[in-house]
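Asker: Could you look at this predicted model? Sequence included:
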Amino acid sequence: MNPSHTRRAIPRLRWWIGGLLFASTVINYIDRQTLSVLAPFLKEEFEWTNSDFALIVIAFRIAYAFMQTVAGRFLDWLGTRRGLLITVTWYSTAAALTAAANGLRSFAVFRFLLGCGEAANWPGATKTVSEWFPKSERGWAVALFDSGSSVGGAIAPALVVWLYHTFGSWRPAFVITGLLGFGWVLVWRAFYHPPETHPRLGEDERRMLLESRREEQRTESRAIADSAQDRPASWGKLLSLPQTWGIILGRSLTDPVWFFITDWFAIFLVARGFQLESTLVGFWIPFLAADLGNFSGGGFSSYLIQRGWPVVKARKLVILVGGFGMALLIPVVLVSKFALIIGLFAVSTFSYAAWSTMALSLPSDLYPSRSVASVSGLSGTGAGVGTIISTYLIGWVSDRYSFEPVLIAGSMIPLVATALVFLLVRERRREEAVR
């Protein structure tokens, strides 16, 4: 059945959809960064050690890790529109309710609930990109929504510190940042529909998207398409593929670098003798660099694909450069000037973001749309497990020694991740992703 055309078409509607995904990621990160920015104040008020703070972060990470696999399956089953409506409402409620926390345990509970809802953002956004963008544009589209993490991370320090000083308490900061998601839900519910039925999608753009999808479906397994066209491949089938493990292990070993910066950067700067209020101008630079890294990685790989490069080969070139770029955390051990520290962190986050954009693009490159969120969720769970382990070790090591061993490990491990992606991920026909 053709969709109704009673409403005027919006040109290049797919990029407006991408903008909504970007906005959801910004809000997602503001909600999670509220705790990280307030950490120095909360540690003083509740007399927490770094290990205590790590337990709160781990509570979030446990939920975020394991619920990504569940969320990916949930989104493949329920669909993008309803799935994101439910999950964004969930985590916005949890973020606002954190204002009621009164100690270590209650903070851990609310962060666990936040992680349960926020886990759906990346599988949902990746699935939406696979539905709304042709392969040659997916690098740009993934860069757009993934850049929301760095934008949200950059906005959060100034916003949260301002709210803290304005109200004289940390509690209103959680309430106000939590309310942002409810506004997004209202817009998403009113605006989002799949390409087949969207009333504001122009016929030329609809035809382009559906023809691109049919072209991809022609390379899928006929047996699977005939018997389970609307169902994702089983987890067993997905986990039997080496490229699935390349994506999982790659993210498991690189995401801890990013979450070290998002969760611990404020504490690290204070430990190095800097006052948080006086470093806000520099605080957001690594997040801005990550934003640039998203678009540089996504744009460069899309450029190579349009020039005739095989998709996976183009992604791997960016991954190679990004892996070596993350190694520049090591010199932070040797410098004490604020500008140099910020600059080296910025190079690392730029490199991580370019690397991550490619890793997030690979599920939509290698798997049918009906399995994209499942693969993305599995890789998110792997990333979450890696981050849980690293969060515990960061708290333990920094309490007993310093942050220097953490910086060295954060530089070397991404090189291992890069090698695993090159070893396990190969360009292959999509039928091998579901056979």
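Answerer: That came in fine, so what should we check first?
Asker: give me phi/psi at P199?
Answerer: Torsion angles at P199 (phi, psi; degrees, to the nearest 10) stand at phi -70, psi -10.
Asker: what number of residues lie near V333?
Answerer: Using other CB atoms under 10 Å, V333 has 15 other residues around it. In this view, the C-beta of every residue, glycine as well, is placed from N, C-alpha and C.
Asker: In three-state terms, label it for me.
Answerer: Under DSSP: H, G, I helix; E, B strand; the rest coil, the three-state class of V333 is helix.
Asker: so it sits right up against L407, yeah?
Answerer: Yes: V333 lies in contact with L407 (CB atoms under 8 Å); the separation is 5.5 Å.
Asker: Pull the residues that contact stretch 343-355.
Answerer: Outside of stretch 343-355, the residues within contact range by CB atoms under 8 Å, 6 or more residues apart in numbering are 146-147, 150, 254, 257-258, 261, 265, 285-294, 296-298, 300, 318-319, 321-326, 328-329, 331-332, 335, 410-411, 414, 418.
Asker: again, only using 7 Å
Answerer: For stretch 343-355, the external contacting residues (CB atoms under 7 Å, 6 or more residues apart in numbering) are 150, 254, 257-258, 261, 285-287, 289-290, 292-294, 296-297, 318-319, 322-323, 325-326, 328-329, 331-332.
Asker: where's the residue nearest to T166 when sequence neighbours are not counted, which helix or strand?
Answerer: Nearest non-adjacent residue to T166, counting by CB to CB, 6 or more residues apart in numbering: P172, 8.0 Å away. Assignment of secondary structure by DSSP states H and E places P172 within helix 171-191.
Asker: and the helix or strand just after that helix, C-alpha only, in CSV?
Answerer: Going down the chain from helix 171-191, the next helix or strand is helix 203-217, by DSSP H and E. What follows is helix 203-217, C-alpha atoms only, in CSV (Å, rounded to 0.1, in the frame of the first residue of the first chain):
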residue,chain,number,x,y,z
GLU,A,203,9.0,9.7,-4.2
ASP,A,204,12.5,10.1,-5.7
GLU,A,205,14.1,9.6,-2.3
ARG,A,206,11.8,6.7,-1.4
ARG,A,207,12.6,5.0,-4.7
MET,A,208,16.3,5.4,-4.2
LEU,A,209,16.2,3.9,-0.7
LEU,A,210,14.0,1.0,-1.6
GLU,A,211,16.0,0.2,-4.7
SER,A,212,19.2,0.3,-2.6
ARG,A,213,17.6,-2.1,-0.1
ARG,A,214,16.5,-4.5,-2.9
GLU,A,215,20.0,-4.5,-4.3
GLU,A,216,21.4,-5.6,-0.9
GLN,A,217,18.7,-8.2,-0.4
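Asker: what's helix 203-217 packed up against?
Answerer: Packed against helix 203-217, as judged by 3 or more CB pairs under 7 Å, 6 or more residues apart in numbering; DSSP states H and E, are no other helices or strands.
Asker: Report the mean confidence score over it.
Answerer: Helix 203-217 carries an average pLDDT of 80.
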